[in-house]
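**Student:** okay, sequence plus prediction incoming.
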Amino acid sequence: MTDAPTGEVLTPSQLNTLARDLLEGAFPLIWVEGELGNVSKPASGHLYFTLKDERAQVRCAMFRPKSTWLKFQPREGLRVLARGRLTLYEARGDYQLVLDHMEEAGEGALRRAFDALKARLTADGVFDDARKRPLPAFPRRIGLITSPSGAVVRDVLSVLARRFPLVEVDVLPVPVQGETAAAQIRGMLSRAIASERYDILLLARGGGSLEDLWAFNDEQLARALAASPVPVVSAVGHETDFSLADFAADLRAPTPSVAAELLVPHRADLTTQLLGLQRRMHRLQADRLRQLAQRADRAVLRLQAARPQARLALLCRRQDDAARRLQAGVQRRLDAARARLRHADAVLRACHPERRLALLRQRLIALRTRPQAAIARRLQGEALGLRNLARSLEAVSPLSTIARGYAILQHPDGRVVRKVGEASPGDRLEARLQDGVLGVRVEGELL
């Protein structure tokens, strides 16, 4: 008989949940490189497959919408570099990777090299918009640098023939893929510039992976494109593909066909412009003819007005007008002279000696009475001041005090006795009263 369990008993779902939490907590976001197998993409849009090597494999899932953002088509045997989180599908207990990014193996290293080179060229000013040259509106000859065997040549020539048949196109053949492609493209670019035959150079290639387009990410090629005196248009890959040649060129087109459309105007547009210019020219000619007709009519009128009778009548009218203006001018001057004369007469009358003498007499009379009045006012003021001073002196005079019944005691030498201690028994003093002086003798102090 087996022993009964002593701890907690787990259900399969609880066990799988704990295992999932353990996996997700122990493993961060990881990168895995391997070979695709068992690729399946159901109607839901999710992507299911395995990543394997020689010894093991792991189940993987990539859910929408990230599975729709892939730049390549997943297929059996393709080696890829994937990024995701390790988890466990609880319903079946399957251990799997849930991915959020995937690229073809080897492309990641190329992408990092691409970004580093792009940053260096940007810092050197190779991609500056200020040095890019404008494209000519009507190029006469275009140099197409591309592979002569690709579909790019047919597409570009077809678009140019349809839009602007007058332009001449020279196909300058170069390989667009491989180890020597970048050097051969640079050499062809140099020869095309040295020939001075082309108004525009078009560098074109069809789509492909980053590795396929690597020849157009050459540093020397990017610098040569930036230094080119001839405007260069780059159309490398599809619309989502970007290369360093695209950034260094004067204009980047999403596809070679679009580049051909950007290089030349459409003949239908030119026809419309020509028709518009023709209508404008006819309108200007009609306006000019109308102006010349009006000038001719005015010249006829001037010729008719130049007849002797008409000219004599005109001169007579001008003479009458001049006479009226002269008479009016003379009358205005006479009126002005009369006004000035009246003003001068009034001024002379105001300045006549007799009138001035009368004014001076009036001022003299006024001046005679002014000192007497001033003296009288001064005397009145002085008298009032004296009376006030006398009242003030009388208020503090000892005589007024004596008049009220008091007396002033003095020693014979004139010293005034103010205190009892200033006189001794037997001293003879003088008592000054209102009407005279009394001689008195001190008998002693009164208690």
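**Tutor:** Yes, it's here.
**Student:** from now on I want contacts and neighbour counts done on CA atoms only, so please keep to that.
**Tutor:** Noted.
**Student:** show the pLDDT at Thr50.
**Tutor:** Note on Thr50: pLDDT of 92.
**Student:** for it, grab the count of nearby residues.
**Tutor:** Here the number of neighbours of Thr50 (other Cα atoms under 10 Å) works out to 19.
**Student:** helix or strand for Trp31, which one?
**Tutor:** Using DSSP states H and E, Trp31 sits in strand 30-40.
**Student:** render the CA-only coordinates of the next helix or strand after that strand in CSV, please.
**Tutor:** Counting by DSSP H and E, the element after strand 30-40 in chain order, helix or strand, is strand 47-52. Extracted in CSV, the C-alpha atoms of strand 47-52 (Å, rounded to 0.1, in the frame of the first residue of the first chain):
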residue,chain,number,x,y,z
LEU,A,47,2.5,31.8,-38.0
TYR,A,48,3.6,28.5,-36.4
PHE,A,49,6.8,26.6,-37.1
THR,A,50,9.8,25.0,-35.4
LEU,A,51,13.4,26.3,-35.1
LYS,A,52,15.9,23.4,-35.3
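**Student:** remind me what strand 47-52 packs against, helices and strands.
**Tutor:** strand 30-40, strand 57-62 (3 or more Cα pairs under 8 Å, 6 or more residues apart in numbering; DSSP states H and E).
**Student:** can you give me phi and psi for Ile142?
**Tutor:** phi -120, psi 130 (degrees, to the nearest 10).
**Student:** wouldn't it be in contact with Leu201 here?
**Tutor:** Yes - Ile142 lies in contact with Leu201 (Cα atoms under 8 Å); the separation is 5.8 Å.
**Student:** so those two - more neighbours on which side?
**Tutor:** More neighbours surround Leu201 than the other of Ile142 and Leu201, with 25 against 19 (other Cα under 10 Å).
**Student:** ok so, going back, and the helices and strands packed on strand 47-52 as CSV, adding mean pLDDT?
**Tutor:** Formatted as CSV, the helices and strands packed on strand 47-52 follow (pLDDT from 0 to 100):
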stretch, mean pLDDT
strand 30-40, 89
strand 57-62, 92
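**Student:** tell me where the stretch 301-447 of the chain has helices.
**Tutor:** According to DSSP state H, counting those that start in this stretch, the stretch 301-447 of the chain carries its helices in the segments 308-350, 353-396, 398-403.
**Student:** then the stretch 1-150 of the chain?
**Tutor:** Secondary structure of the stretch 1-150 of the chain (DSSP H, counting those that start in this stretch): helices located at 12-26, 107-123.
**Student:** between the ones you listed, which one is nearest to Ala322?
**Tutor:** helix 107-123 (83.6 Å; Cα to Cα).
**Student:** can you list the buried residues in the closest one?
**Tutor:** Phe114, Leu117, Lys118, Leu121 (16 or more other Cα atoms under 10 Å).
**Student:** could you do stretch 91-110 as well?
**Tutor:** Neighbour count says stretch 91-110 has Tyr95, Gln96, Leu97, Val98, Leu99, Asp100, Met102, Glu103, Glu104, Ala105 buried, by 16+ other Cα under 10 Å.
**Student:** identify the bridge partners of the second one.
**Tutor:** On the basis of DSSP bridges, Gln96 is bridged to Arg59, Thr87.
**Student:** pLDDT at it, what is it?
**Tutor:** pLDDT for Gln96: 89.
**Student:** so how far is Arg333 from it?
**Tutor:** As judged by Cα to Cα, to the nearest Å, Gln96 and Arg333 stand 119 Å apart.
**Student:** again with Val347
**Tutor:** For Val347 relative to Arg333 (Cα to Cα), the value is 21 Å.
**Student:** cool, Arg370 as well?
**Tutor:** Counting by Cα to Cα - Arg370 and Arg333 are separated by 52 Å.
**Student:** low-confidence ranges, the protein, go.
**Tutor:** Flagging of the chain using pLDDT under 70 yields the residue ranges 1-7, 106-110, 209-212, 239-241, 305-308, 395-396, 445-447.
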